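Asks: Sequence isn't available, so here's the structure alone:
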Ligand SMILES: Nc1nc2c(ncn2[C@@H]2O[C@H](COP(=O)(O)OP(=O)(O)OP(=O)(O)O)[C@@H](O)[C@H]2O)c(=O)[nH]1
Ligand SMILES: C[S@@+](CC[C@H](N)C(=O)[O-])C[C@H]1O[C@@H](n2cnc3c(N)ncnc32)[C@H](O)[C@@H]1O
Ligand code: SF4
């Protein structure tokens, strides 16, 4: 989130629940097996539980996973409802285990609330997977890496260390980005028996484990060692644009076509054209154009 915030879109710019579910059905019928809700912040959207329930109904058409990435601040009490409605995978974003640093980094309180959500998620019998996203920024939270690894000792949690990527308004600087190799070295200095474990096809993270620990940790190395060749993601922004790559500022509005009465077949044609226009990989990191792309908070993750 840029320090000055972002302009909130009027609600009619955003996809309605019906529009979201119509697109979801199209994608699932075309073979998509996993859908992730990211926001902005998904938990603050009115009717988000109905979206989860609507996605759950698409299991009949082949949808296997209903995932959400959340800051976890307003979730712990409602988590059982999300899970009852069909949520299967939860990724929580938490960049520090220090409440004071949390307030400094996020400009808000809520560290306790995120930890409560984490507890609720880990004790949920129905949630299949719980992960934690940690964006590592040099000099800010890179000294906490071993503490995050300790979270995996007693909990079936997957912690992912994410390389800091450049987006509009996030004051990115190459010097703030800590390559995953540096973090792995620090971890293996303490845990010399750290072991590489297998990943699912198309995973963003390369995963490791301290033997004997219940959980695991991984690295999302988008900057130092990108995984574009196995990228199978498509993003639909809250305002209904299809975005075929995080770093591609060319977007196509599905919302406008939906509202013009487009048929399923013509929507699929537009989606297909966008997908075929996807670049093989993103440009070199020093060439990423942060001025024309959206801030990360308006992409969703
Ligand atoms: N460069 C790049 N980074 C990505 C991509 N997908 C995810 N990331 C990074 O990984 C972070 C975590 O993504 P999430 O949305 O929580 O989930 P995920 O890792 O994509 O999905 P799962 O593996 O299913 O948990 C994002 O916020 C990005 O920083 C991608 O396609 N490209
Ligand atoms: C933009 S947030 C949106 C979803 C939700 N509001 C949340 O906080 O989880 C999704 C993810 O983007 C990641 N993210 C944000 N800025 C990033 C950056 N500059 N580089 C890499 N990942 C980033 C965060 O770690 C978070 O897990
Ligand atoms: S192609 Fe784009 S979205 Fe896919 S992994 Fe590369 S940077 Fe990420």
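Replies: Looks like it came in fine. Everything numeric in this text was worked out from a predicted model, so none of it was measured. Ligands and ions are numbered 1, 2, ... in the order given.

Asks: Which residues are in contact with the residue of the stretch 51-200 of the chain found nearest ligand 3?
Replies: Nearest residue of the stretch 51-200 of the chain to ligand 3: residue 165, at 8.5 Å (CB to the nearest ligand atom). For the C-beta atoms, the positions are set from N, CA and C on the backbone; glycine is no exception. Going by CB atoms under 8 Å, 6 or more residues apart in numbering, residue 165 touches 172, 177, 222, 223, 246, 288, 296.

Asks: which stretches of the stretch 51-200 of the chain form strands?
Replies: Taking DSSP state E, counting those that start in this stretch as the test, the strands found in the stretch 51-200 of the chain are 65-70, 89-93, 129-136, 158-163, 195-196.

Asks: between the second one and strand 129-136, how big is the angle?
Replies: Going back to what we said before, that points to strand 89-93. In terms of direction (axes from the mean of the first three to the mean of the last three CA atoms, to 10 degrees), strand 89-93 departs from strand 129-136 by 20 degrees.

Asks: what is the rounded mean pLDDT of strand 89-93?
Replies: If you average the pLDDT over strand 89-93, you get 98.

Asks: Mind listing what's buried along stretch 129-139?
Replies: 130, 131, 132, 133, 134, 135, 136, 137 (16 or more other CB atoms under 10 Å).

Asks: And the pLDDT at the second one?
Replies: This means residue 131. Residue 131 is given a pLDDT of 98.

Asks: Quick check, it in contact with residue 161.
Replies: No - in this structure residue 131 lies outside contact range of residue 161 using CB atoms under 8 Å: 11.5 Å.

Asks: could I get the strands of the stretch 51-200 of the chain as CSV with distance to residue 271?
Replies: Shown next, in CSV, are the strands of the stretch 51-200 of the chain (distance: least, CB to CB, whole Å):
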stretch, distance to residue 271
strand 65-70, 20
strand 89-93, 23
strand 129-136, 27
strand 158-163, 28
strand 195-196, 36
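
Asks: quick revisit: I'd like to know which of the contacts of residue 165 are buried.
Replies: Buried among the contacts of residue 165 (16+ other CB under 10 Å): 172, 177, 222, 223, 246, 288, 296.

Asks: can you tell me which of those residues are up against ligand 3?
Replies: Intersecting the buried ones among the contacts of residue 165 with the contacts of ligand 3 gives residue 246 (criterion: CB under 6 Å from any ligand atom).

Asks: follow-up on the earlier one: make JSON lines from the strands of the stretch 51-200 of the chain and add distance to ligand 2 to it.
Replies: What follows is those, written out as JSON lines (distance: least, CB to the nearest ligand atom, whole Å):
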{"stretch": "strand 65-70", "distance to ligand 2": "4"}
{"stretch": "strand 89-93", "distance to ligand 2": "3"}
{"stretch": "strand 129-136", "distance to ligand 2": "3"}
{"stretch": "strand 158-163", "distance to ligand 2": "5"}
{"stretch": "strand 195-196", "distance to ligand 2": "22"}
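
Asks: Can you pull the residues of the chain lying near ligand 2?
Replies: 38-39, 41, 69-71, 93, 133, 135, 162, 164-165, 167, 170, 296-297, 300-301.

Asks: Drop anything exposed from those.
Replies: Buried by 16+ other CB under 10 Å: 38-39, 41, 69-71, 93, 133, 135, 162, 164-165, 167, 170, 296-297, 300-301, out of the residues of the chain next to ligand 2.

Asks: Run through the strands of the stretch 201-301 of the chain in chain order.
Replies: Under DSSP E, counting those that start in this stretch, the stretch 201-301 of the chain gives strands at 206-209, 216-220, 235-236, 241-243, 252-253.

Asks: What residues does the stretch 51-200 of the chain have near ligand 1?
Replies: 67, 69, 91, 131, 133, 162.

Asks: and which of these is nearest to residue 234?
Replies: residue 67 (14.1 Å; CB to CB).

Asks: how close does that closest one get to residue 22?
Replies: 20 Å (CB to CB, to the nearest Å).

Asks: Burial check on the nearest residue to residue 114 once chain neighbours are set aside, number of neighbours?
Replies: Nearest residue to residue 114, sequence neighbours excluded (CB to CB, 6 or more residues apart in numbering): residue 72, at 4.0 Å. By other CB atoms under 10 Å, 26 other residues sit near residue 72.
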